[in-house]
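*Asks:* pasting the sequence and the predicted model now:
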Amino acid sequence: GHWVLDFEKAFCDLAGVKHAIAVSSGTAGLHLCVRAAGLGAGDLVVTTPFSFVASANVLLYEQAIPVFVDVNPRTGNIDPELAAAAVRDLCAGGKQAEQWLPRKGAGDRPTLKAILPVDVFGQPADLAPLRRLADDNGLCMIEDACEALGAQYNGKPAGTFGDFAVYAFYPNKQITTGEGGVIITNDDKAAAMMQALRNQGRA
């Protein structure tokens, strides 16, 4: 009812975005972002191993392949320099790419499609260089801001640097609805698709 619409509008206002889509969990939100980004079998996604397992599982649900890049030990967030090295090597292919790939499941010619940084424990990742990396290489960026509601990076709300981002409301988050999540984006087409898919494909 109107409570959901009011909740979504509050997130549009908070983040300064066009669309907020309430969902049943942060995991469901991330999964819909993966679907909206068109990620599928064999597609590579650079992400962090230091996160709740959902941020990798949503890739596996669609048979995409998480490529784990280590974190900065000071922040706990994905290291942008290592992410840039991984992107460079994965784009080059061959032996350079193999060092980043899992032993199984990568197929013959996997394609790098996205970056999925996580704002760990409310500390935003170093988002500016990651955004540039995505833009320079034609990659989608999905920001897992599930733990970062209210945090800012360079004066902008965490969650506003990705093509899509998700906040979550599990009991350990900044606010809780018992469960739940919300996706934010400025992409009209993706928002319409996600609004339908959250409700069994009904618009």
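*Replies:* Yep, it's here.
*Asks:* name the helix or strand for Leu44, please.
*Replies:* Element membership for Leu44 (DSSP states H and E) is strand 43-47.
*Asks:* for the worst-scoring helix or strand of the chain on mean pLDDT, buried residues please.
*Replies:* Ranked by mean pLDDT, DSSP states H and E, the weakest helix or strand in the chain is helix 94-98, scoring a mean of 88. By neighbour count on 16 or more other C-beta atoms under 10 Å, the buried set for helix 94-98 is Ala97. Backbone N, C-alpha and C define where each C-beta goes, glycine included.
*Asks:* pLDDT below threshold where in this protein?
*Replies:* Applying pLDDT under 70 to the chain flags residues 104-109.
*Asks:* on that earlier part again, how far off centre is the helix or strand just after the strand holding Leu44?
*Replies:* Later in the chain than strand 43-47, the nearest helix or strand by DSSP H and E is helix 54-61. In this view, helix 54-61 has its centroid 10 Å away from the chain centroid, taken as C-alpha atoms, centre = their mean, to the nearest Å.
*Asks:* quick one, helix 54-61 and strand 43-47 angle?
*Replies:* 180 degrees (axes from the mean of the first three to the mean of the last three C-alpha atoms, to 10 degrees).
*Asks:* returning to that earlier point: give me the contact list for the least confident helix or strand of the chain.
*Replies:* For helix 94-98, contacts defined as C-beta atoms under 8 Å, 6 or more residues apart in numbering pick out 88-90, 110.
*Asks:* inside helices: which ones of those residues?
*Replies:* Counting by DSSP state H, the part of those found in helices is 88-90.
*Asks:* so which of those is the most crowded?
*Replies:* Using other C-beta atoms under 10 Å as the neighbour test, the ones in helices among the contacts of helix 94-98 are led by Leu90, with 21 neighbours.
*Asks:* surely that one is in contact with Val67?
*Replies:* Yes: in this structure, Leu90 is within contact of Val67 by C-beta atoms under 8 Å, at 6.8 Å.
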